[in-house]
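Participant: whatever this is, show me its structure:
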Amino acid sequence: MGLMHLRVAAHGAALAVVLIGASGSVVAQTSGKPAIYSCVDPTGKRITSDRPIASCSDREQRELNADGSVKRIVPPSMTGDERTEAEAREREAAAERAMRVEALRRDRNLLARFPNEAAHNKAREAALEDTRKSVKISEARLTLLASERKPLMDETEFYVGKPLPTKLRTQIDANDAATDAQRSLIQNQQAEIIRINALYDAELQRLRRLWGGAQPGTLGALPPADAASGSRKAAGK
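Facilitator: Next up is the predicted model:
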């Protein structure tokens with residue numbers, strides 16, 4: 001009986017080794033299995049698959065590990081309209097982020113360029129200088145054209161009731177055209193002076209708040225960059 005018991009024990013030990021090896025192999029195989037997707041479809045039926053389940057694209061799906069634990073929750077797929085709306089929201093959010101970054105950068109540049117109001121006033125005068133000179137040049141040109149026109153008009157008195165000579169008519173027309181051009185130029189130059197002053201006025205209001213302690217980038221939108229760059233170019237002369 002002692003020998004029999006030894007044989008049974010030995011057989012049992014060998015069987016245990018085999019079972020342990022087999023169970024280890026099963027665990028190894030199980031751990032290598034792909035994740036499983038599970039959901040309850042619109043009819044109430046639970047479905048499992050080794051890939052996302054198309055019939056549950058409008059509802060949550062659970063991605064399970066090989067041991068049955070939940071790896072993650074897969075949200076419902078968006079419809080075309082929902083995807084369009086989400087993309088539009090993301091574009092809007094990205095634009096807002098870019099605007100905040102740009103406002104921060106430009107506020108810092110303003111503070112670096114204009115540490116006080118005197119520096120800003122000096123830059124304003126520099127930006128206006130060339131345009132004011134152009135206005136004076138155009139006004140002088142108008143005065144000259146008026147003086148050139150007077151003898152021409154005096155000469156027309158000899159042709160009252162008669163057609164003017166071609167040469168005289170051409171000279172008068174040329175004088176009129178040059179006068180209109182200079183007046184139009186002066187209007188444009190005066191509009192440019194208004195634009196520059198408006199830009200610097202807006203900048204000054206912003207700078208006063210920044211000088212007063214407001215944080216750069218927190219004051220909203222700034223004037224268009226092209227207008228600001230134009231004033232900066234003029235101010236740098």
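Participant: need the contact list for the closest residue in space to residue 36 that isn't next to it in sequence.
Facilitator: Spatially, and ignoring its direct neighbours in sequence, residue 36 is nearest to residue 64 (4.5 Å; Cβ to Cβ, 6 or more residues apart in numbering). Any C-beta I mention is one placed from the backbone N, CA and C, and that applies to glycine too. Contact analysis of residue 64 by Cβ atoms under 8 Å, 6 or more residues apart in numbering lists 35-38, 70-71.
Participant: lowest-confidence entry in the residues you listed?
Facilitator: By pLDDT, residue 35 ranks lowest within the contacts of residue 64, coming in at 77.
Participant: the chain - how does it break down into domains?
Facilitator: 36-77, 94-235 (automatic domain parsing).
Participant: that older thread, turn the contacts of residue 64 into a markdown table, including secondary structure.
Facilitator: Output for those, formatted as a markdown table (DSSP: H, G, I helix; E, B strand; the rest coil):
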| residue | secondary structure |
| --- | --- |
| 35 | coil |
| 36 | strand |
| 37 | strand |
| 38 | strand |
| 70 | strand |
| 71 | strand |
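Participant: just give me the residue closest to the centre of the protein.
Facilitator: In the chain, the residue lying closest to the centroid (Cα atoms, centre = their mean) is residue 95, at 4.1 Å.
Participant: how deep is residue 107 tucked in, by neighbour count?
Facilitator: Number of residues near residue 107 (other Cβ atoms under 10 Å) recorded here: 21.
Participant: strands of this structure, start to end?
Facilitator: For the chain, strands defined by DSSP state E occupy the ranges 36-40, 46-49, 61-64, 70-74.
Participant: list the helices and strands the second one packs on?
Facilitator: With contacts defined as 3 or more Cβ pairs under 8 Å, 6 or more residues apart in numbering; DSSP states H and E, strand 46-49 has these neighbours: strand 36-40.
Participant: the strand it packs on versus strand 70-74: what angle between them?
Facilitator: 60 degrees (axes from the mean of the first three to the mean of the last three Cα atoms, to 10 degrees).
Participant: what's strand 36-40 in contact with?
Facilitator: With Cβ under 8 Å, 6+ apart, strand 36-40 has contacts from 46-53, 56, 59-64, 66, 74.
Participant: is it true that residue 196 touches residue 129?
Facilitator: No: using Cβ atoms under 8 Å, residue 196 makes no contact with residue 129, being 10.3 Å away.
Participant: so for these two, which sits in the more crowded spot?
Facilitator: residue 196 (19 against 13).
Participant: can you give me the neighbour number for the nearest residue to residue 51 once chain neighbours are set aside?
Facilitator: Among residues not flanking residue 51 along the chain, residue 37 sits closest, at 6.4 Å (Cβ to Cβ, 6+ apart). A total of 19 residues lie near residue 37 under the criterion other Cβ under 10 Å.
Participant: same check, this time on residue 126
Facilitator: Neighbour tally, residue 126, other Cβ under 10 Å: 14.
Participant: now swap in residue 120 and tell me
Facilitator: For residue 120, using other Cβ under 10 Å, the count is 19.
Participant: just to revisit the earlier point, any chance of a markdown table for the strands of the chain, columns distance to residue 186?
Facilitator: Below are these laid out as a markdown table (distance: least, Cβ to Cβ, whole Å):
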| stretch | distance to residue 186 |
| --- | --- |
| strand 36-40 | 76 |
| strand 46-49 | 79 |
| strand 61-64 | 73 |
| strand 70-74 | 70 |
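Participant: select, out of these, the one closest to residue 191.
Facilitator: Ranking these by proximity to residue 191 (Cβ to Cβ) places strand 70-74 first, at 60.5 Å.
Participant: ok, the closest one: who's next to it in the sheet?
Facilitator: Counting by DSSP bridges, the strands paired with strand 70-74 are strand 61-64 (antiparallel).
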